[in-house]
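Colleague: below are the sequence and a predicted model for it; my questions follow.
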Amino acid sequence: MSVSPVIEALALHLDQATGREVVALESKGDWPGMQQLAQVQLEREPARADWWFLRGYALARQNQHAAAIESYQHAIRFSPEEEGSWLALAQSQSELGQFEAAIQTYRQVLRYRPESAQAYVGLADVLLEQGRPELAIPNYRESVRYDPELAQGWYGLSVAYQATGQRERRDEALQQLRKLDAAAADRLERGLLVN
């Protein structure tokens, strides 16, 4: 298992030994171990957002999204400027079917970071999941405007165009996706042919 960019970034904020331990735990997929590490650190530093985020991350990986949401909310309270905590909060809200809460959380991120490609794609994903592709499209467009290399944005844009019957635009988005992630483009294309 590889290490996610969010854990790599978090590890840089920690002392070297703890950073290495966090990376090793994620590499092994040891979510209970990661949760335990966060809990021990929270007993020492209860007001440190990093530990609340790490606890939430480990809980989310164990599909304990309600508890993860609580941890992410603590992280945000102690460090409201950290975009990663907001994005993780919205993802867990979405996983629990709290779509309106997730939409509001993504919009909150965009108020403070209007260039956040990840927030746009997350918002668009929720709208698409709700069956609102026409509202998802402008958000996917913004995601790829701010990060043209974001395969997830091109993937979602292809799906949303398909759902709204815009085949020519779907093909253009699919072409961009193919440049970034040919395997994802192939999977999507096969899925489109089946439907």
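Modeller: Cool, got the structure. Since the model is a prediction, treat every value here as computed from it, not as a measurement.

Colleague: next up, the contacts around L174.
Modeller: L174 is in contact with W154, S158, A185, L188, E189, counting by Cβ atoms under 8 Å, 6 or more residues apart in numbering. Where C-beta positions appear, they are placed from N, C-alpha and C, glycine not excepted.

Colleague: residues touching Q93, list them.
Modeller: By Cβ under 8 Å, 6+ apart, the contact list for Q93 reads H65, I69, F99, A101, A102, T105.

Colleague: tell me which element it falls in.
Modeller: helix 83-95 (DSSP states H and E).

Colleague: next one: that helix to chain centre, how far?
Modeller: Relative to the centre of its chain, helix 83-95 is centred 7 Å away, using Cα atoms, centre = their mean, to the nearest Å.

Colleague: buried stuff in it?
Modeller: In terms of neighbour count (16 or more other Cβ atoms under 10 Å), helix 83-95 has its buried residues at G84, S85, W86, L87, A88, L89, A90, Q91, S92, Q93, S94.

Colleague: which of the contacts of Q93 has the most neighbours?
Modeller: Among those, T105 has the most neighbours (other Cβ atoms under 10 Å), with 27 neighbours.

Colleague: in whichever helix or strand it is part of, which residues are buried?
Modeller: Element membership for T105, per DSSP H and E: helix 99-112. Neighbour-count burial for helix 99-112, counted by 16+ other Cβ under 10 Å, picks out F99, A101, A102, I103, T105, Y106, Q108, V109, L110.

Colleague: mind pulling up the pLDDT for L193?
Modeller: L193 is assigned 63 on the pLDDT scale.

Colleague: turn the buried residues of helix 99-112 into CSV, including pLDDT and distance to L180.
Modeller: CSV is the format used below for the buried residues of helix 99-112 (pLDDT from 0 to 100; distance: Cβ to Cβ, whole Å):
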residue, pLDDT, distance to L180
F99, 97, 27
A101, 98, 31
A102, 98, 25
I103, 98, 26
T105, 98, 27
Y106, 98, 22
Q108, 95, 28
V109, 95, 23
L110, 96, 23
